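Chemist: Pasting the sequence and the predicted model now:
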Amino acid sequence: GQNIDQPTEMTATEGAIVQINCTYQTSGFNGLFWYQQHAGEAPTFLSYNVLDGLEEKGRFSSFLSRSKGYSYLLLKELQMKDSASYLCAVDLAYSGAGSYQLTFGKGTKLSVIP
Amino acid sequence: KAGVTQTPRYLIKTRGQQVTLSCSPISGHRSVSWYQQTPGQGLQFLFEYFSETQRNKGNFPGRFSGRQFSNSRSEMNVSTLELGDSALYLCASSLGTGVGEQYFGPGTRLTVT
């Protein structure tokens, strides 16, 4: 089975750095995604990790440790527009490259305050 | 390039009815996945279609079904609606081969009364 845990809510100050953790327990695993979802909108892709290590993309970075079942999303230089839910998802598909079967965590609601 | 489109955006149905939702993927994308999002359960995977074939399936009852057409457009159907089926239904498209992003559509908000 799959069990993905992330904190329910976090609050951080504009300009600061915040780390959102995600732990997972799964019997199979192809890779891990992070999505951002603003209230009332569809999720948008942030990052995809398949190998251990840190992937940096502008103000956002994502880290994965497969052996520890752990990932985090790091947001730097926080802006008010970063207030959103951040969803961690593991890909369990076994139908070949490009096939996705994502299992999502419940999401972390981040509030950025002035 | 146009994004993923879903129709209708909002729908109200009564228990026992059936409903069909439509998703048009980004041009050139051959994979379409469907998800159900509720406040209590979050985002849950329903199924994925690629080249008109169901490639992956989540843990939902047989009342939930789908199909994909030769132009990659996809439909999902829910029969014998229950109150608990009230949710935001999202579809996502991707190339379907190799590593690539999944792009989500705006969703269809289904309310069952």
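Modeler: That came through fine.

Chemist: Quick check, pLDDT for the residue nearest to B:Gln18 when sequence neighbours are not counted.
Modeler: Counting by CB to CB, 6 or more residues apart in numbering or on different chains, B:Ser79 is the residue found nearest to B:Gln18 once chain neighbours are left out, at 4.4 Å. C-beta here means a position set from N, CA and C on the backbone, and glycine is covered the same way. Confidence at B:Ser79, expressed as pLDDT, is 96.

Chemist: same deal with B:Lys57?
Modeler: B:Lys57 is given a pLDDT of 87.

Chemist: what's the distance between it and B:Glu48?
Modeler: 8 Å (CB to CB, to the nearest Å).

Chemist: Also A:Ile4?
Modeler: Distance, A:Ile4 to B:Glu48, by CB to CB: 19 Å.

Chemist: A:Ser111 too?
Modeler: As defined by CB to CB, A:Ser111 lies at a distance of 33 Å from B:Glu48.

Chemist: out of those two, which sits in the busier spot?
Modeler: Neighbour tally, A:Ser111 and B:Glu48, criterion other CB atoms under 10 Å in any protein chain shown: the higher count belongs to B:Glu48, 30 against 12.

Chemist: Would you mind confirming that B:Leu11 makes contact with B:Thr108?
Modeler: Yes. In this structure, B:Leu11 is within contact of B:Thr108 by CB atoms under 8 Å, at 6.2 Å.

Chemist: how about the residues of chain B that lie near chain A?
Modeler: Residues of chain B that fall close to chain A, judged by CB under 8 Å from any CB of the partner chain: B:31, B:33, B:35, B:42-45, B:48, B:50, B:55-56, B:58, B:90, B:92, B:94-107.
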